[in-house]
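**Q** give me a model of this one.
(2 chains)
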Amino acid sequence: MSKFLFSFSIALFFFFKAGAQPPGYKNFKLEKDNRPIKINVLYKNKQGYLLAGTDEGLYKFDGEKYTRINFSNPEYHDTVTAIFADNKEKYWIGFKNGRIANLENNRLIYFDPEEGTPKKKITAFLQDKENNIWFSTNGEGIYILTARRFFLFNAADGLKDENVSTLMLAENGDVLAGTDGGIYICHFNNGKKYASVIGPREGLPDYIVTSIIKAGKNSYWIGLEEKGFCLYDHTTKKITVPVVANSWKPGQVNAMLFAQNLLWIATKDSGLYKYNPAAAKMDKASVVNADNNINCLAEDNQGNIWMASLNYGMIRTPGESIKLMDIPSHPVFEHIHVVLCDKVGNTWLNNEWNDLIRIEQKNGLLSEKKMRLNGLNEKTDITSLYQDNYGNIWVGTMGKGIFILDPVTFKYRQFDDNGRFKNAGILSVSGNKDQIFVSSLQGSLMIEPGPGNKDINNQFRVTYYDNKSTGTNYIYSIFEDSKGRLWFATDGLGLTKLELNRFTYYNNKEQVKDDRIYSITEDNNGNIWFSTASAGIYKFDGKTFTNYSLNEGLSNLKISVLKKDKAGNIVIVNKKGLDILNPVTGNISYLSSSQGISMINAEDIGAVTTDTSGNIMVSTMTGILTFASPLNTIQKPTVLIESVQLFLKDLDANAPTTFDHDENNFTFNYTGLYYTEPDKVYYKYKLDGLDSSWVVTTDRSKNFPKLEPGNYTFHIQASLNKNFRNADEATYSFVIKQAFYKTWWFYLVCVLLLGGIFYWYIKRRELNLKNIERRRQETIQFQFEVLRNQVNPHFLFNSFNTLISTIEEEPRIAVEYATELSDFFRNIVTQRDKDTISLKEEIAMLRSYSFLQQKRYGNSLQVNIELTQEQKLENKIPPLTLQLLMENAIKHNAVSKETILTITVTIQEGFLEIKNNINVKISKAEGAGMGLQNIISRYNLLTNKTVKVMNDGKYFTVLLPLLK
Amino acid sequence: MLSCAAFGSRNRFSTAKSGLKYILANLYSNQKPMFKPYIIFCFLFLLFQSYRFPATAVYNTNNGSISFHSDAPLELITANSKEMRGKLDVDKKTFAFIVKITSFKGFNNPLQMEHFNENYLESDQYPNASFSGKIIEDIDFSKEGNYTLRAKGNLQIHGITQERIIKADIVVKQGTISINSNFTVLLADHNIAIPKVVHEKLASEIKIEVKADLILQ
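**A** Got it, this is the predicted structure:
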């Protein structure tokens, strides 16, 4: 018993002001010409987008940059003082000059009712239960826009103070208006208006109300100009003033926000405050990079709190979800192996000399106590700290076994089980109400403290597990699950389970790539999760092991500890930060350097603990990090297609999604909204209809030029890692129509048209053939006529008589005559088959014929051919036409010395004119005009001009169309 | 009570203030000159008022023009009256305008006018239409210039009173306040029923245009 070592260490107390640089703070300046733009109001829309109303117009903010939303004239801007989206997602933007605008296709358009718009600053909008839109003004009271028209709620209706700064819809349908004269409770029903006031007489500490936000069921936080804030219960109409607001110093309350179970209060003169209603405690929030005039507050979907200050733009803070505690004496970070938060909220850790340090936080001040356990030096590391059910702290060391310390009296002793574990290398200490589990390099043990062990001097009941039971003596940690089973994390033998005194060994080399297990935890569904030395983490559902590694989105494989947080997430502590894995969805979010998390010593499984509220504490290079998973937040990017462009011109949101074949160049602009780490968002897109493969990118725009006609759907997903299994998705479907010349009906029309043309051609050809046939018959008939005439006995008889009479008298002329006669007949025979011959040839034939006839009639027959050489060559004529006409003329007229027959051939205006004078024979010649009729028919087949025959009693004229 | 009798209406001007009452009363007195004791009372009332508020400057008109348009699919009806009376108290920013329904002229035909008076507006029962109330904006009428103002008031037509905000263009020049205003009246708001037969001939929205030059009394 004398071996117990009692020691009072030299207590060294240090006092420091709490307040290391808060992690996760970041400001995003909004400037114009290097001068800050004042942000008057922040608004989060349905999709989680933050909108900022400023002195230079309306901006949307995606976490990285501001995009101005313009009027159609981008030069134009007004000071935005109120932003609201109604339940149909119609936006109402109020301006300082009293005007109001709506938002259409990302453009502001003035709201311009017949009644006109106010001249005083618009301060707030609201939609009541009848869907009327209310808007308050600073000086004109409240306007109510019903489906039909405007109403004005002002002094005449009981709203005695017309300077209204804020509106709130109460649960019973009343509207609470914060005015310069208190809170007015406004009723509006079918044009009837009633108002009653909650002012100083009713207990309101101040006249001027600056903001109203919801506090609980039918109760509201009221922000005041001078007197801070108070709570208003609309059911009882009672005002409660919190103690901290009784003598309010920070000045005018500009805005309030309830988030993370705290009331955040933005003031005009002294920055941001946080009030904890449960504890009735208020603290000033340490805000880096902000001036003291904070105009407005908002909470994003990831649980970050945003404030806007004049000179620093929008400022992001994780609020209470990430806290960093500076260690006043600044031990060397690499040597901090253990962190423990005890039951009264003090933090314990070691330093490089293996002193034990206790940090106490009181009224914003840190005090540090340092002690050296006897026998420990800088070479005997402290490896684990654990506080048992009776409040004693167990200190595991490398080489000196375990010490038990009373944190109140600071008395301690070395745990001594007859030397067996006295100088052991302890790796971890954990436990539950009745048991303490110790793992070491020499095997493990279970200690069962009883009520008597409140006194550290008393002995314990101890059970040993050696390599015969756990498989190996080298155990990193021991975890007890919700069913009371013990899981041993072994070095090299995987998991070992102890259930009802039976050991089971899970060393599945096929499924688990690394069998050095460091840390074990359990999710809310009873699955066991464990981390390995190099292969990431595994989920074990009792049958199969599922690996989560870099491909699944882990940021780093140097993992020390797994812990389940309050929200049920598995928090993975690695060298670079914390990966927060939702065990149900597999979604992973991150705490990393971008939120101010510095290096973590990933060798130390003892440097992670859970505080009294269930938050996770980790030792980092810049202090002790406390992480409280924000509840009811979205820890993955929300993906939005911001605009679709056709040839780089924005399409209207409501525009039809069917396009012509030449409208084929599409650009999609998208955003994955994730305000915690907007620059870490990966995108994956696919265009159904073009290709079926996903493409991962960090670009926020994708262009598809020259799309073929077809049906398309653009899919876009956003994720914080390259694992998109759980990613949010947005789509846009559209159709590009076929060109008309590629459509089936166009083909049909073409086929029909071609068919028609072919049919018409065939028909015409048939007609042509018929014509040719007819012409041939005409020609044959004509030839027959001519031949019959020429072989007419009279002609031959006359010709022969002429020949006989000439032979004796003028033999030379007779020969000539016979030659002409034979020429004439030969010409008839040779030319008759042709459709046309030149006029010259025809004239030659006519001359032969007239020679023959003139021999008979002498000067009584006169033939005048008045044609030039060109005319004869240029024009054509069916053969034997002239000869036939001359023959007709001789046949039908008396030819004698008294009655001279003159035949003239000339060209008159495109016609060949054959004219003869008429001396009608007494005895009519035979033939019923067959020859002339024949000529007319032949011409009809050759040309569309007709043959004209004129008989004026004196002259007989035939006009033949000239053929070329 | 007096104003009520003079109106011959079933609604009181409940929100009219004392100054307004006087203006209205004065207006109605002009309309019914045969009612002599009433005039005397009004005169006394006026004296009393001017005694209490010596600075009150009231502008007034007796021949303001008011016209309406009904642009129905089948028929365009327009009519106008040049007998609108009005008063404007530039200090209190209160005003009242009134017009006799029977003074509207210029219908497409006499039958239409008869229908208008007898069937729709029932001018026997509700002889007047009026608008009275207060100007919302702060304005100094002593300064010449062009202004666009809005007024909140009660519009009474067909015996039904409705709260309206009406915008008007105002020109102040050489002691005259010229008012020009366009607004819309929904027949349903004033209980003016349109028989189905004339549904295509009468619009449910009637466009009104008012023009008046008010001079200092």
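
**Q** residues from chain B in reach of chain A?
**A** Neighbours of chain A within chain B, by CB under 8 Å from any CB of the partner chain: B:15, B:134, B:136-137, B:148, B:150, B:152, B:162-167, B:182-184, B:186, B:189. The way it works is simple: take the backbone N, C-alpha and C, and place the C-beta from them, glycine included.

**Q** go with 10 Å
**A** Contact residues, chain B versus chain A (CB under 10 Å from any CB of the partner chain): B:15, B:17, B:133-134, B:136-138, B:148-153, B:161-168, B:182-184, B:186, B:188-189, B:207.

**Q** give me the subset of these that lies in strands.
**A** B:133-134, B:148-153, B:161-168, B:182-184, B:186, B:207 (DSSP state E).

**Q** tell me the centre residue of chain A?
**A** A:Ile641 (2.2 Å; CA atoms, centre = their mean).

**Q** now do the buried residues in the strand or helix carrying that residue.
**A** For A:Ile641, the host element (DSSP states H and E) is strand A:638-646. Buried positions in strand A:638-646, judged by neighbour count with 16 or more other CB atoms under 10 Å in any protein chain shown: A:638-640, A:642-644.

**Q** am I right that A:Gly755 is in a helix?
**A** Yes. Assignment of A:Gly755 by DSSP: H, G, I helix; E, B strand; the rest coil places it within a helix.

**Q** could you measure from it over to A:Tyr747?
**A** 12 Å (CB to CB, to the nearest Å).

**Q** what do you get for B:Asn60?
**A** 80 Å.

**Q** name the residue in the two with the higher neighbour count.
**A** B:Asn60 (22 against 11; other CB atoms under 10 Å in any protein chain shown).

**Q** now that one. Nearest residue, chain neighbours left out?
**A** B:Lys87 (4.6 Å; CB to CB, 6 or more residues apart in numbering or on different chains).

**Q** tell me who's in contact with the nearest residue to A:Asp269 once chain neighbours are set aside.
**A** Nearest residue to A:Asp269, sequence neighbours excluded (CB to CB, 6+ apart): A:Gly251, at 3.8 Å. Residues near A:Gly251 by CB atoms under 10 Å, 6 or more residues apart in numbering or on different chains: A:225-226, A:228, A:267-271, A:292-293.

**Q** adding distance to A:Asp650, write those out as JSON lines.
**A** Formatted as JSON lines, those follow (distance: CB to CB, whole Å):
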{"residue": "A:Glu225", "distance to A:Asp650": "44"}
{"residue": "A:Glu226", "distance to A:Asp650": "48"}
{"residue": "A:Gly228", "distance to A:Asp650": "47"}
{"residue": "A:Thr267", "distance to A:Asp650": "41"}
{"residue": "A:Lys268", "distance to A:Asp650": "39"}
{"residue": "A:Asp269", "distance to A:Asp650": "43"}
{"residue": "A:Ser270", "distance to A:Asp650": "44"}
{"residue": "A:Gly271", "distance to A:Asp650": "40"}
{"residue": "A:Asn292", "distance to A:Asp650": "41"}
{"residue": "A:Asn293", "distance to A:Asp650": "37"}
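
**Q** pick the one among those closest to A:Met325.
**A** In terms of CB to CB, no member of these lies closer to A:Met325 than A:Gly271, at 20.9 Å.

**Q** ok, that closest one to A:Ile900 distance?
**A** Taking CB to CB, one finds A:Gly271 at 138 Å from A:Ile900.

**Q** confidence score at the closest residue to A:Thr532 other than its chain neighbours?
**A** Take A:Thr532 and drop its neighbours on the chain: the residue closest to it by CB to CB, 6+ apart is A:Asp514, 3.9 Å away. With respect to pLDDT, A:Asp514 scores 93.

**Q** number of nearby residues for A:Asp514?
**A** Neighbours of A:Asp514 (other CB under 10 Å): 18.

**Q** list the contacts for it?
**A** Taking CB under 10 Å, 6+ apart as the test, what A:Asp514 contacts is A:492, A:494, A:531-536, A:538, A:547, A:557.

**Q** could I get the residues you listed as TSV with neighbour count?
**A** Below are those laid out as TSV (neighbours: other CB atoms under 10 Å in any protein chain shown):
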residue	neighbour count
A:Gly492	13
A:Gly494	26
A:Ser531	30
A:Thr532	22
A:Ala533	15
A:Ser534	11
A:Ala535	17
A:Gly536	20
A:Tyr538	26
A:Asn547	17
A:Leu557	19
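
**Q** mind listing which of the residues you listed are in strands?
**A** Per DSSP E, the contacts of A:Asp514 map to strands at A:531-532, A:538, A:547.

**Q** mind putting these into JSON lines with pLDDT and distance to A:Thr819?
**A** Shown next, in JSON lines, are these (pLDDT from 0 to 100; distance: CB to CB, whole Å):
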{"residue": "A:Ser531", "pLDDT": "96", "distance to A:Thr819": "132"}
{"residue": "A:Thr532", "pLDDT": "95", "distance to A:Thr819": "130"}
{"residue": "A:Tyr538", "pLDDT": "96", "distance to A:Thr819": "128"}
{"residue": "A:Asn547", "pLDDT": "95", "distance to A:Thr819": "123"}
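
**Q** out of the residues you listed, give me the two with the largest separation.
**A** Most distant of those, by CB to CB, are A:Ser531 and A:Asn547, 11.2 Å apart.

**Q** what touches both of the two?
**A** A:514, A:537-538, A:554.

**Q** please convert those to a markdown table, extending it with distance to A:Ala101.
**A** What follows is those, written out as a markdown table (distance: CB to CB, whole Å):
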| residue | distance to A:Ala101 |
| --- | --- |
| A:Asp514 | 60 |
| A:Ile537 | 52 |
| A:Tyr538 | 56 |
| A:Leu554 | 47 |
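
**Q** could you pull out the strands in chain B for me?
**A** With DSSP E as the criterion, chain B has strands spanning B:58-71, B:76-89, B:94-100, B:128-135, B:145-157, B:160-173, B:176-186, B:205-216.

**Q** who are the packing partners of the shortest one?
**A** Counting by 3 or more CB pairs under 10 Å, 6 or more residues apart in numbering or on different chains; DSSP states H and E, the packing neighbours recorded for strand B:94-100 are helix B:18-31, strand B:58-71, strand B:76-89, strand B:128-135, strand B:145-157, strand B:176-186, strand B:205-216.

**Q** least reliable of the ones you listed going by mean pLDDT?
**A** Among the helices and strands packed on strand B:94-100, helix B:18-31 scores lowest, at a mean of 52.

**Q** get me the contact residues on the stretch 501-650 of chain A for chain B.
**A** Counting by CB under 10 Å from any CB, no residue of the stretch 501-650 of chain A is near chain B.
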